[in-house]
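Peer 1: sequence and predicted structure are below.
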Amino acid sequence: MTLGLVLAFGLALGWIPLYVFRTEAWSVSLQHYSGVERRSVQWTPVVFAVHVTLGCILVSRSEPSLWRATAGAGLFVVGAAFWFWARLQIGPLRTTRLPIRFRRDGAFGIVRNPLYFGYLLAAAAPALVAARPVLLVTFAACCVALTVRAAQEERRLHAQLGAVYAEYCRSVKRLIPFVW
């Protein structure tokens, strides 16, 4: 078995827990969103699925250098670990539709949308390993999708929490720690 095929298999399987342990089930969450938000919630996983599927296909057909393979695998692991860290701060993994609790510590003290940041790191892994321009395009689509979702969620949080959330936004970056 080639290194590319092993990496593609690992990257594909690595996404399963990130979807299994979502914070809320779609059937429950969609009813709480407006029409525009509902479409974003539905399209974001589609954009990621296209990127990850294409990434795994291209990684499996490549022979990445050892440094690219190691860097890609490491990036995926760091992204998944960051995602799990934030997810565990929200509540137990098997619990969905958790009560809203405003967090400013841990992963939420580093970035306002730590689950999305973890997704972005993990999604960057196949683009790094395969080094194909098409994966930069699909990764950019993932970035746009999560930026839209983050903005939508933050509008709702501003409306719910007011000045407390506005102060939090001034001190913690939205999606990329210490940058944006």
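Peer 2: Good, I have the coordinates. On a predicted model such as this, the values are computed, not experimentally measured, just so you know. Numbering: from 1, shown residues only.
Peer 1: which SSE is immediately downstream of the longest helix seen in the chain?
Peer 2: With secondary structure taken from DSSP state H, the chain has its longest helix at helix 133-161. As assigned by DSSP states H and E, the chain's next helix or strand after helix 133-161 is helix 163-171.
Peer 1: return the angle between stretch directions for that following helix and helix 133-161.
Peer 2: For helix 163-171 against helix 133-161, the angle by axes from the mean of the first three to the mean of the last three C-alpha atoms, to 10 degrees is 150 degrees.
Peer 1: from H51, how far out is the residue most central in space within the chain?
Peer 2: With distances taken as C-alpha atoms, centre = their mean, the residue of the chain nearest its centroid is Y119 (1.9 Å). To H51, Y119 is 10 Å away according to C-beta to C-beta, to the nearest Å. Where you see a C-beta, it was placed from the backbone N, CA and C, and this is true even at glycine.
Peer 1: what's the neighbour count on W180?
Peer 2: The number of residues packed around W180, counting by other C-beta atoms under 10 Å, is 9.
Peer 1: same question for V36.
Peer 2: 10.
Peer 1: now V144
Peer 2: 12.
Peer 1: L66 now?
Peer 2: With other C-beta under 10 Å as criterion, L66 counts 8.
Peer 1: what is in contact with Y119 and H51 at once?
Peer 2: C142 (C-beta atoms under 8 Å, 6 or more residues apart in numbering).
Peer 1: hmm, L135 is touching L58, no?
Peer 2: Yes: contact criterion C-beta atoms under 8 Å: L135 and L58 qualify, at 6.4 Å.
Peer 1: mind checking how far the residue lying closest to V52 once chain neighbours are set aside is from P64?
Peer 2: Computed as C-beta to C-beta, 6 or more residues apart in numbering, the closest residue to V52 that is not its neighbour in sequence is W15, at 5.9 Å. From W15 across to P64, the span is 19 Å (C-beta to C-beta).
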